[in-house]
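J.: Starting from these lines, generate the structure:
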Amino acid sequence: MNDPQTETAPSTAQRIFLVVVDDTEEMRVALHYAARRANHTGGKVALLYVIEPADMQHWASIETLMREERREEAEELLQKLSSETADIAGSLPIVYIREGRRSDELLSLIDEERTISILVLAAGTDPDGPGPLITTLVGKHVGKLRVPITVVPGTLTDEQLDALS
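T.: Numbering: from 1, shown residues only. Coordinates of the predicted model:
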């Protein structure tokens with residue numbers, strides 16, 4: 001006779017690879033890497049888009065219109081990236097849209113969504129450093145993260161990423 005506790009025991013948790021979406025070329029590197037890793041490990045990709053506040057408090061109606069336009073742009077971009085991600089990862093990603101400062105919203109999301117297991121970022125190719133988000137996270141906020149960060153070189157090609165993952 002089968003033991004019912006054995007049959008209903010939870011399987012290992014699915015890895016969720018979180019990628020912060022922006023308009024940089026290196027973001028696409030992080031996304032491709034995360035999608036490949038998710039595909040090979042039976043995980044999923046999560047996309048976070050943060051709409052940063054405009055500094056127009058004295059023009060409330062214009063600020064509201066700008067916020068709506070940025071939200072529409074975010075949704076369009078995430079829809080396109082979701083399709084591309086699904087082609088590589090084998091499933092549609094989880095999508096988050098938030099408003100606020102990018103690093104603050106990222107830290108809040110990781111704290112709130114306990115299913116997120118890995119943050120994937122790609123280093124910028126600019127000679128000034130890896131990028132503001134990586135600099136912030138591995139600097140003063142590194143002790144606040146409950147998940148590991150995978151930093152992928154932003155110069156890798158899709159072929160190189162496929163070979164790595």
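J.: What's the end-to-end length of stretch 87-96?
T.: Stretch 87-96 stretches 19 Å from its first residue to its last (Cα to Cα, to the nearest Å).
J.: what about that stretch, distance to the chain center?
T.: Remark: stretch 87-96 is offset 11 Å from the chain centroid, using Cα atoms, centre = their mean, to the nearest Å.
J.: show me where this protein has strands.
T.: 16-21, 44-51, 94-99, 118-123, 149-153 (DSSP state E).
J.: got a markdown table for the ones you listed, with distance to V138, mean neighbour count and mean pLDDT too?
T.: In this view, the C-beta of every residue, glycine as well, is placed from N, C-alpha and C. Formatted as a markdown table, the strands of the chain follow (distance: least, Cβ to Cβ, whole Å; neighbours: other Cβ atoms under 10 Å; pLDDT from 0 to 100):
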| stretch | distance to V138 | mean neighbour count | mean pLDDT |
| --- | --- | --- | --- |
| strand 16-21 | 14 | 25 | 98 |
| strand 44-51 | 18 | 23 | 97 |
| strand 94-99 | 21 | 17 | 97 |
| strand 118-123 | 9 | 24 | 96 |
| strand 149-153 | 7 | 17 | 95 |
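J.: Tell me which of these approaches I88 most closely.
T.: strand 44-51 (8.6 Å; Cβ to Cβ).
J.: was I right about A34 contacting F17?
T.: Yes - A34 sits in contact with F17 when judged by Cβ atoms under 8 Å, with a separation of 3.9 Å.
J.: Overlap in contacts, these two.
T.: Listed as contacting both A34 and F17 by Cβ atoms under 8 Å, 6 or more residues apart in numbering are V45, I118, V120.
J.: So for the last one, what's the nearest residue that isn't a sequence neighbour?
T.: Meaning V120. The spatial neighbour of V120 that comes closest, neighbours along the chain excluded (Cβ to Cβ, 6 or more residues apart in numbering), is A34 at 4.2 Å.
J.: what's that neighbour in contact with, if anything?
T.: Contacts of A34 (Cβ under 8 Å, 6+ apart): F17, L18, V19, V45, A89, I118, V120.
J.: Now G131. Nearest residue, chain neighbours left out?
T.: Nearest non-adjacent residue to G131, counting by Cβ to Cβ, 6+ apart: G124, 3.7 Å away.
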